[in-house]
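*Asks:* Predicted structure and sequence below. I'll ask about it afterward.
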Amino acid sequence: MGQLLSTLTTNGVGGPAGTYLEARTEQELVTAVREADDAGHRLLLVAGGSNLVISDDGYPGTVLRVVSRGVDIASAPGGTRVTVQAGHPWDDVVQRTLDAGLVGLEALSGIPGSAGATPVQNVGAYGTDVSKTLESVRAWDRQEARLVVFGAADLDFGYRNSLLKATTVEGSPRYVVLDVSFVLETSEWGAPIAYAELARTLGVSAGDRAKAAAVRSTVLGLRAGKGMVLDPSDRDTYSSGSFFTNPIVDAETAASLPEDAPRFPAEGGTKLSAAWLIDRAGFAKGFGLPGTPGASLAGGRASLSTKHTLAITNRGEATAQDLLAIARAVRDGVSERFGVTLHNESLLIGIEL
């Protein structure tokens, strides 16, 4: 049997790889991608494995794990440029920037996965996302077999979306990210706090600034309280993070919801809270655990997190189908209760919701 992909994902599911390779440098990454493409093999890229739900049947093509490392810090017009290799663990990047006296990434602390994945998903949390500080992305264009450089304006960033994501099919991207560059400010004070919960916990008003080190420690605490910081001893962290995105709906749909439903202005409509919709549709934290509604769906092997309704967790020995059983129940229940369709944020590889 080939490399089990369950060992490479934070939710612990996924069958064997057809062929498994690792790329530790940019050159190894480009060479492996070119060889797979020249041979006509299907290609799945894996780095932190924090946003993937892979079929129990595995992946029949080439699975390439990106484990390149490196953080380069240098002066740049308008600030300091931080260039990071694609496979470098993201939270280490955040810590290194703070250690260097740089701010702008502190609210993105504790997010699992690699630096190269952050622009693909336009990773965000606590009122900010990587598009706010990203300068450029270097990538290998598989279609044209050449190196390309994208400026932030080229990437068509949106909510949890980008050109890089839009051109990726089942984890197989057109553009293979090689490194990512950010331009950050030198300060001990973090970026203005844009998220009410974070501001309240820090004891400041929204829009104010707090010391970046305090922002990082507070964000890590908030994320840990929601089971969103990886912890091998805590089954609530065996997930792919937020399984669903916050839906963006039209004015009529937003107006049809209860008055206390959270609503946020967004490009293209009104953004709702998926966690609120899930909870109010009758899916409480821990849904699917023995003794709770939905326990029979996955035999108690998978459930909503006991800390946060957006995460679908592997309680031990769960399969990808167990996770999907919980996800389908939640999606269908929210649709029936509120007429809102939730869409997966996690990438589904070889399976469908």
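*Replies:* Thanks, I have it. Numbers count the residues shown, from 1 in each chain.

*Asks:* gap between the helix or strand hosting Val84 and the chain center?
*Replies:* For Val84, the host element (DSSP states H and E) is strand 79-85. Averaging C-alpha positions (CA atoms, centre = their mean, to the nearest Å) puts strand 79-85 21 Å from its chain's average.

*Asks:* what do you get for stretch 244-260?
*Replies:* 23 Å.

*Asks:* and Arg209, how far is that from Ser187?
*Replies:* 8 Å (CB to CB, to the nearest Å). Where you see a C-beta, it was placed from the backbone N, CA and C, and this is true even at glycine.

*Asks:* Now do the helices in the chain.
*Replies:* Assigned helices in the chain, in chain order: 26-38, 90-99, 118-121, 163-166, 196-202, 212-225, 251-256, 274-280, 320-338 (criterion: DSSP state H).

*Asks:* List the contacts of Phe283.
*Replies:* Neighbour list for Phe283: Pro293, Gly294, Leu304, Thr309, Ala329, Val330, Gly333, Val334 [criterion: CB atoms under 8 Å, 6 or more residues apart in numbering].

*Asks:* do that again at 6 Å, thanks
*Replies:* Neighbour list for Phe283: Val330 [criterion: CB atoms under 6 Å, 6 or more residues apart in numbering].

*Asks:* Can you report phi and psi for it?
*Replies:* In terms of degrees, to the nearest 10, the main-chain angles of Phe283 are phi -110, psi 90.

*Asks:* pLDDT value on it, please?
*Replies:* If you check Phe283, the pLDDT there is 98.

*Asks:* And it, how far from Ala254?
*Replies:* 21 Å.

*Asks:* Count the neighbours of Glu317 for me.
*Replies:* When neighbours are counted by other CB atoms under 10 Å, Glu317 registers 12.

*Asks:* ok, for it, nearest residue in space, not its chain neighbours?
*Replies:* Nearest non-adjacent residue to Glu317, counting by CB to CB, 6 or more residues apart in numbering: Arg301, 5.4 Å away.

*Asks:* Confirm for me that that neighbour is in contact with Thr319.
*Replies:* No: with contact defined as CB atoms under 6 Å, Arg301 does not reach Thr319; the gap is 7.3 Å.

*Asks:* The closest residue in space to Arg96 that isn't next to it in sequence - how many residues pack around it?
*Replies:* Once flanking residues are discounted, Arg96 sits nearest to Val71: 5.2 Å by CB to CB, 6+ apart. Residues lying near Val71 (other CB under 10 Å) number 16.

*Asks:* Surely Val71 and Thr97 touch.
*Replies:* No: using CB under 6 Å as the test, Val71 is too far from Thr97 to be in contact (8.3 Å).

*Asks:* In this structure, which strand is the longest?
*Replies:* With secondary structure taken from DSSP state E, the chain has its longest strand at strand 175-186.
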